[in-house]
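Participant: Here's my sequence, what's the structure:
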Amino acid sequence: MSNLYLRSVELSNFRIYGDSYAFELPDGPGVTLITGANGLGKTSFFDGVEWALTNQVSRFQDIPMDARRKEPDPLTRIGAPENSHRVSLQFSDGDPIDRGAGFVPDEGAIARLLKRPEWAEISNLHGYLSITHFLGQAATQRFSLRKPDKQWEALKGPAGVDRINALRERLSGLGVRRAFTRTLEERTKRLSEASGALAAWISLLAERDRAGQLSSSDQAVPPAALREAVELAGAQILKLVPDVVWSMPEPSTASESLLQGLADLLRMVEQRSVADAEAAEGLAKIAADFDLAGAETLTLRSMAQDIEQRRAAAVEKLGEVEAALSRATASLMATERQVAQAQGRSVTIARVRTALRQLEHSRSRRTEAAEQLARSAIETGRIETAIVALRESLERATAQRADRRALSDQVTLARRRAEISGKLSATRSEADRLTPLLASRQPVELQAQREALAKRDSAAQASIAQNTADLRAHDDRARAIAEAVSMIAHRLTHGDVSCPVCASEFPPGRLVELAGKQSAADTRPASQLATALADARMESEEVRRQIASVDRAMAELEQLQATMATLREREQELRQHLVEAGGSASGIYDQSQALLLEQELMALDAQLAVGETPEQIEVRLKETEAVLKAELTKRVTIQRSRDSADEDSEAAQAALRQHAGIWTDDKGLLVDLDAEQASIDRELADLASRISSDRAVLDNVRLTRDDFRESEARETQAQSASNARLDALAAARAALLKRWTNAGQSGEPDAARVAQNRARFQERVAQLGPLRAMQQQLVAGYRKWLSDEQLRRLEERIAEIAREEDVSTELEVRPRLEERVDEAHRALEVAQRARDRIDAVGSQLQERAESYADEVLFPLNATIQRFARTLMTWADASIIYRAEHHVTRSELRPGIVRSEADGTVTQLEMNPNLYFSEGQLSALSVAALFAASTTFGWSRWRGLLLDDPLQHNDVIHASAFMDLIRQMVRELGYQVILSTHDSSEAEFLGRKCLSAGIPYYVHDLVPQGEGGLISKVA
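Facilitator: Numbers count the residues shown, from 1 in each chain. Reported below is the predicted structural model:
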């Protein structure tokens, strides 16, 4: 099927366009340029083509929309009726495609029109076109800016890997995994339930056996006997403690409640006994404490009188010592003031000395720093001159390496051109050899000859069939007639004159004569028919031999045609490779150019070998820069040292100015510092001896005062303690008396009365012991009686389970439960094996998808790099794509390929959008589109729609871009439609196309009117 080209585009009320604005495009290879100022509808043209084909506009998809309010349709021209926009496309083949204003085209029909017949069905036409046909102006529409999963969704269709990927997702997708997870959970639950039932059955049997071992009727207490015993024990307990409130339970009370009531009564009485014993102990302690407090009170009263006399004497002596201490303190303070004044004068002298030394040192430091700064300035100038020279050398060396790299690329391309040209010449020679052979054999004549022979064969076969049938019919009829005539002839006589068959009348004897002649005639049956049959068979065999000869000739012709088609495809492929290698598709290249370039390369290598490498120069440059940096750092340090010296000098002068009586700016030092310091030292020595004597006197007086203070404090403390203890004893006796009264006793605490009460309580406790033992016997007996009842219930439960399992004995229950557990376990293992098998198949499909994706992405990455070398000034880096397949998703991971100066290639795991500049990304987007369009040949439409592809490029890039476009139009038959807002750029592109002799057309957009853009295309 022939290629498809866009013939016309009509836009009505679409964006800026008015009613029925038509673009007439040449339906063949060529370049169509849409030019005009910004806002005149260049991008809207590409939006309209994309919308008409896919019902989507890519650059609108990432714009946030406010769903809370209804906004006008962005595709309808402002001022036009709502939903009146329409776009109509007409290709060189097929019906027009109309979308909008009530027209809804069949997207499946559009996909079938655009795709090649041998390509599988297309599920996402927009994804196909976005990667092989459309290049948007907005940076956000770049393929590299899409999310990894969106990149894979767009690439997998044109690359042909969507079917194997869909199969992998069906087999190991999230839905399948969830289904297996649910099945495993259900079967695990059934296994757990079956195991639980088996464990419960085993536990029930064990509990039954334990209950059987514990069950016994000895010493068992039935409910009736239990009630009588409880009533008897309750009456005995109430006799011991008559004031306890307790009533006998009702006759309907359960046995457990009777035992609980008796236990509560015993517990209450025992608690009462314990409380009474504790109360007796408390009363005994109260009586003992009361007697001790009375005896201690009498002793403390006599001691308090002695303490009061000693304290009064200590207070009188303390007043005398305090007066002497005040006099000694005043004398010491006067002497210390004189010492402080002398020390102040000494400190002032020391500060002046320090400031003078600081002033002299700072002046010498500043002089030295100034000399060092001068030497550093000279050294810095020398180093900067050396750095400038090294940088110039580095630029020259780098330029030479770049020239060498470019020359090496030219050598590689020249060798490749020569190799491809040789293969192309051989292919053309073989094609030229086969052309006369094909010309001498006309397929139409052979087909017509075979059809004529086929008709002859059909006629011969029909004749054979007819003759065979006629011969058989003739033989049958002849034999029947002969037999009939023979039978009639034997019965006829000379006198018979009437035919027995038809009743015809004959003369006498005539009928016998005729019958005899008929019986004797034609002894050879159907000889003529046999001869004709033999001739027809010979004719058929001859015709079939001729047909076989014609078929062999046609087969040979088809083989020659297939070989010729293969040679033409090989020739076209080699021409494409020749164009990619930088040559002309029709040119002839040999090794001469490569040899010349190799000689230049060898000469350049020899020149480079003599000089220093950029790395060596960079090392020297870095060393020199490090020396410069160190010198600058040293210079800054010297400047800081000079500034510090100036600051120290100013600080020293400021300190000296504070002592105008000792030093001035004009006269300098006014006094002899050494003599003044000697006088101060003598005065301080005299004052030191006086301070020592005054401090000795003061210390003695303080010691005496401290002794009297301690004595007075001890007596005061002893008096306070004695009074506090007497008060505490009085309060304790009152509290003990109150506790005795609150305990229900009268008078003062008495130990004899407490002993009588304690004996009575001990007697009651002894009588409660047998009653507690009887209560415990009743509980044990009732438990034995209950054990018999529990055994009976367990037996009933076992029998019920046996009935539920539909078995005759309990021995058959466990095997059935174990069989159920085994079945659940086997079902779980089957599900797990199926899950493992699905995982294994999914892993195999994932490996196959990765391998298939690598087979697709490897040529794509190589083609992207070839286009990038043409479109980018610095071709030392490009984009590569790798496929990553996960359990529930597939992604496309981009990376960066960098070529070093020595020719080595490294991969950088980094997002290309963070590495390349805007211009480089724009060029790489064009390279990716061209690579995908030429690599994935899914569409009959060899078209490229480029919206302002040169907006980030300079003149060099534009020239390389247009050279590439010319080759694609001329050699590969592309229809290229591109736009630009720059009129000078449009003229430049036009000149490039005209010089190459390829079809070139311009659509110039002019400003719009009130009804939208309505002017006709120039």
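
Participant: The stretch 501-650 of the chain: helices as residue ranges?
Facilitator: Remark: helices assigned in the stretch 501-650 of the chain by DSSP state H, counting those that start in this stretch are 510-520, 527-580, 591-610, 614-657.

Participant: closest to residue 52 out of those?
Facilitator: Set against residue 52 and scored by Cβ to Cβ, those come closest in helix 527-580, at 31.0 Å. (Each C-beta comes from the backbone N, C-alpha and C, glycine too.)

Participant: And for residue 424, the neighbour number?
Facilitator: The number of residues packed around residue 424, counting by other Cβ atoms under 10 Å, is 23.

Participant: brain fart, residue 389
Facilitator: If you count neighbours by other Cβ under 10 Å, residue 389 ends up with 12.

Participant: Roughly how far does it sit from residue 624?
Facilitator: Separation of residue 389 from residue 624 (Cβ to Cβ, to the nearest Å): 9 Å.

Participant: Please work out which residues outside stretch 44-63 touch it.
Facilitator: If you take Cβ atoms under 8 Å, 6 or more residues apart in numbering as the criterion, stretch 44-63 is touched by 6, 9, 11, 14-17, 23, 34, 43, 74-75, 87-89, 97-100, 105, 107, 110, 114, 125-126, 129-130, 134, 136-138, 140-141, 945, 947, 979.

Participant: on that earlier part again, of the helices of the stretch 501-650 of the chain, which approaches residue 279 most closely?
Facilitator: Closest approach to residue 279 among those (Cβ to Cβ): helix 614-657, 88.6 Å.

Participant: Tell me the helix or strand right after the closest one.
Facilitator: Moving toward the C-terminus from helix 614-657, the next helix or strand (DSSP states H and E) is strand 663-664.

Participant: Remind me what the one helix or strand residue 678 maps to packs against, helices and strands.
Facilitator: Element membership of residue 678, judged by DSSP H and E, is helix 673-742. Using 3 or more Cβ pairs under 8 Å, 6 or more residues apart in numbering; DSSP states H and E as the contact definition, the elements that helix 673-742 packs against are helix 255-440.

Participant: Can you check what angle separates the helix it packs on from helix 527-580?
Facilitator: Angle, helix 255-440 to helix 527-580, by axes from the mean of the first three to the mean of the last three Cα atoms, to 10 degrees: 100 degrees.

Participant: Can you lay out the helices of the stretch 501-650 of the chain as TSV showing mean pLDDT?
Facilitator: Output for the helices of the stretch 501-650 of the chain, formatted as TSV (pLDDT from 0 to 100):
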stretch	mean pLDDT
helix 510-520	62
helix 527-580	80
helix 591-610	80
helix 614-657	82
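
Participant: Which one of the ones you listed lies nearest to residue 711?
Facilitator: Nearest to residue 711 among the helices of the stretch 501-650 of the chain is helix 614-657 (56.2 Å), distances taken as Cβ to Cβ.

Participant: counting contacts, what elements does the closest one pack onto?
Facilitator: Judged by 3+ Cβ pairs under 8 Å, 6+ apart, the packing partners of helix 614-657 are helix 255-440, strand 663-664.

Participant: among those, which is nearest residue 191?
Facilitator: Closest to residue 191 of the helices and strands packed on helix 614-657, according to Cβ to Cβ: helix 255-440, at 41.0 Å.

Participant: Please work out the average pLDDT along the closest one.
Facilitator: For helix 255-440, mean pLDDT rounds to 78.

Participant: Same question for stretch 470-477.
Facilitator: Averaged across stretch 470-477, pLDDT comes to 72.

Participant: those strands in the stretch 1-150 of the chain, which residues are they?
Facilitator: 6-12, 21-24, 30-35, 86-91, 97-100, 134-135 (DSSP state E, counting those that start in this stretch).

Participant: how about those strands in CSV, adding mean neighbour count, mean pLDDT and distance to residue 941?
Facilitator: Shown next, in CSV, are these (neighbours: other Cβ atoms under 10 Å; pLDDT from 0 to 100; distance: least, Cβ to Cβ, whole Å):
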stretch, mean neighbour count, mean pLDDT, distance to residue 941
strand 6-12, 21, 91, 7
strand 21-24, 19, 88, 16
strand 30-35, 22, 90, 14
strand 86-91, 22, 92, 7
strand 97-100, 21, 91, 12
strand 134-135, 22, 82, 12
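
Participant: Is it possible to get CSV of these that adds distance to residue 382?
Facilitator: What follows is these, written out as CSV (distance: least, Cβ to Cβ, whole Å):
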stretch, distance to residue 382
strand 6-12, 69
strand 21-24, 69
strand 30-35, 58
strand 86-91, 73
strand 97-100, 76
strand 134-135, 55
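
Participant: nearest to residue 1013, of the ones you listed?
Facilitator: Residue 1013 lies closest to strand 21-24 among the strands of the stretch 1-150 of the chain, at 5.7 Å (Cβ to Cβ).

Participant: Outside of that closest one itself, list whatever touches it.
Facilitator: 7-12, 34, 45, 1003, 1012-1014, 1016-1017.

Participant: In its sheet, which strands sit next to it, and in what direction?
Facilitator: Neighbouring strands of strand 21-24 in its sheet, by DSSP bridges, are strand 6-12 (antiparallel).

Participant: what is the rounded mean pLDDT of the helix holding residue 678?
Facilitator: 77.

Participant: From residue 720, how far out is residue 732?
Facilitator: According to Cβ to Cβ, residue 732 and residue 720 sit 18 Å apart.

Participant: which of these two has more neighbours?
Facilitator: residue 732 (16 against 11).

Participant: So which residues of the stretch 1-150 of the chain form helices?
Facilitator: Remark: helices assigned in the stretch 1-150 of the chain by DSSP H, counting those that start in this stretch are 42-54, 58-61, 107-114, 125-132, 148-159.

Participant: Just send those helices back as a markdown table, with mean pLDDT and distance to residue 338 too.
Facilitator: Converted to a markdown table, those look like this (pLDDT from 0 to 100; distance: least, Cβ to Cβ, whole Å):
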| stretch | mean pLDDT | distance to residue 338 |
| --- | --- | --- |
| helix 42-54 | 90 | 100 |
| helix 58-61 | 79 | 97 |
| helix 107-114 | 87 | 114 |
| helix 125-132 | 80 | 102 |
| helix 148-159 | 56 | 92 |
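
Participant: Please name whichever of these is nearest to residue 967.
Facilitator: Shortest distance between residue 967 and those, using Cβ to Cβ, is found for helix 125-132: 17.9 Å.

Participant: what packs against that closest one?
Facilitator: Using 3+ Cβ pairs under 8 Å, 6+ apart, helix 125-132 sits against helix 42-54, helix 107-114, helix 148-159, helix 918-935.

Participant: neighbours of the closest residue to residue 338 other than its chain neighbours, just the number please.
Facilitator: Using Cβ to Cβ, 6 or more residues apart in numbering and skipping residues adjacent in sequence, the residue nearest residue 338 is residue 687, 5.4 Å away. Look at residue 687: counted by other Cβ under 10 Å, it has 19 neighbours.

Participant: which ones are touching residue 574?
Facilitator: 420, 423-424, 427.

Participant: Filter these down to just the buried residues.
Facilitator: Buried by 16 or more other Cβ atoms under 10 Å: 420, 423-424, 427, out of those.
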